[in-house]
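Student: need coordinates for the below:
(4 chains)
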Number of protein chains: 2
Amino acid sequence: MNQDGVDLETSLGYLLKEASSVLRSAMEEVLRPLGMSVTHYSCLELLAQRPGLSNSELARGAFVTRQSMNVLLQTLEREGYVTRPAEAPVGKALPARLTPRGRRSLEKATVAVRSVEVRMLAGMTEAEQAGAFRILQSMIRSLRDGNDGP
Amino acid sequence: MNQDGVDLETSLGYLLKEASSVLRSAMEEVLRPLGMSVTHYSCLELLAQRPGLSNSELARGAFVTRQSMNVLLQTLEREGYVTRPAEAPVGKALPARLTPRGRRSLEKATVAVRSVEVRMLAGMTEAEQAGAFRILQSMIRSLRDGNDGP
DNA sequence: CAACGTATGTCAGAATGCTGACATGAATCA
DNA sequence: TGATTCATGTCAGCATTCTGACATACGTTG
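Tutor: Residues are numbered from 1 along each chain as shown, chains lettered A, B, ... in the order given. So this is what the prediction gives:
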């Protein structure tokens, strides 16, 4: 009914939230046929690119708590996508790794997610993409610095 | 431990998720002292800028399902921040409006959230902000078009 | 007019993520 | 060395959001 923009339409924060929401929906849509959630995929992708990450490190990389990541990891371990040693080689951190099955499962997901990212960047020049990259990093840094800052 | 970036560090989608996550955390941090969640604030802000929005419209504006927004609205109504007519003036949609109490509550929250947004934009020129705006809108449009598209 | 499709509000159950808490291992420091 | 501080893994309970379903209201279309 009321479709005229007021001020929310000029807020970068709101636009950022909207973009993130749309991206998440698009990813869920292409991952659903594979029986995979976004966090699920994120976990596998992180492990593929940085083998041996611990539960806590995976949690930070996927932007969830380590408790949430833990239940996911236990499921993935039980179903044979991931392995963790029974004992920690050092400290308490258990380095996780993909199994061949995990790698196979990830391959299809990666293709699907890549297609979403390609679609998202359609119509943007390389220069614009580079600009977006710098700007987002600037936002992240500014917000982080103010938090637990100096 | 492993802090070297691989490929995730070059993905705009990942960076977008990270920025959104950091923004959300920052907002939660400043809203918590006010006893308000991000969705809570979003609802009030939407109603302030577009009085008479229905539950479903608020849900779309806050990027949650209408079921989730409904439970929030019922709470806000019960606590006197929002009013809805007992019967729909047309159709089934119940236009919601802020009460004076809701407006007062929103005022403090708006100040807090503005400060976060200002911090986020620190170090960015107006031109960069305008660029970020265009880029995010382009991403949103591209993702939407591919979805329920043509 | 009647049938259909779409949008809405709402209830109930399920899933997902979070907060709180505890024990353990390592690093730091007095 | 002993105490403190911090990070980690994990368990339990709670909160929030989502999915599924149903009834109702309006617009469109035959």
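Student: any residue of stretch A:64-84 up close to chain B?
Tutor: No - using C-beta under 8 Å from any C-beta of the partner chain, we find that stretch A:64-84 stays clear of chain B, coming within 9.3 Å at best. C-beta: built from backbone N, CA, C; applies to glycine.
Student: so which residues of chain A form strands?
Tutor: A:82-83, A:97-98 (DSSP state E).
Student: can you get me a residue count around the residue nearest to A:Ser105 when sequence neighbours are not counted?
Tutor: Counting by C-beta to C-beta, 6 or more residues apart in numbering or on different chains, A:Ser105 lies nearest to A:Tyr81, which is 6.0 Å off, once chain neighbours are set aside. When neighbours are defined as other C-beta atoms under 10 Å in any protein chain shown, A:Tyr81 has 23 of them.
Student: for A:Val71, same thing?
Tutor: By the criterion of other C-beta under 10 Å, A:Val71 has 9 neighbours.
Student: per-residue pLDDT, it?
Tutor: As predicted, A:Val71 sits at a pLDDT of 97.
Student: if we can go back for a sec, can you add distance to A:Leu12, mean neighbour count and mean pLDDT and give the strands of chain A back as JSON lines?
Tutor: As requested, these are exported to JSON lines (distance: least, C-beta to C-beta, whole Å; neighbours: other C-beta atoms under 10 Å in any protein chain shown; pLDDT from 0 to 100):
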{"stretch": "strand A:82-83", "distance to A:Leu12": "37", "mean neighbour count": "18", "mean pLDDT": "97"}
{"stretch": "strand A:97-98", "distance to A:Leu12": "37", "mean neighbour count": "18", "mean pLDDT": "97"}
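Student: would you mind giving the ones you listed as CSV with distance to B:Ile140 added?
Tutor: Shown next, in CSV, are the strands of chain A (distance: least, C-beta to C-beta, whole Å):
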stretch, distance to B:Ile140
strand A:82-83, 34
strand A:97-98, 33
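Student: mind listing what A:Arg101 touches?
Tutor: With contact set as C-beta atoms under 8 Å, 6 or more residues apart in numbering or on different chains, A:Arg101 has these partners: A:80-81.
Student: separation between it and DNA strand C?
Tutor: 19 Å (C-beta to the nearest atom of the strand, to the nearest Å).
Student: check A:Ala48 too.
Tutor: 19 Å.
Student: was I right to think that residue contacts A:Ala96?
Tutor: No - between A:Ala48 and A:Ala96 there is no contact under C-beta atoms under 8 Å: 11.2 Å.
Student: the more surrounded of the two?
Tutor: A:Ala96 (25 against 18).
Student: what number of residues lie near the residue in chain A positioned nearest to chain B?
Tutor: Nearest to chain B, among the residues of chain A, is A:Ser20, at 3.6 Å (C-beta to the nearest C-beta). Applying other C-beta under 10 Å, we find 23 residues neighbouring A:Ser20.
Student: my guess is it contacts B:Leu15, does it?
Tutor: No - here A:Ser20 does not reach B:Leu15: they are 10.5 Å apart, not a contact under C-beta under 8 Å.
Student: any idea how far A:Leu12 is from A:Val38?
Tutor: 23 Å (C-beta to C-beta, to the nearest Å).
Student: just A:Lys108 next, same as before
Tutor: 15 Å.
Student: neighbour count: the two, which is higher?
Tutor: Neighbours per residue, other C-beta under 10 Å: of A:Lys108 and A:Val38, the larger number sits with A:Val38, 16 against 13.
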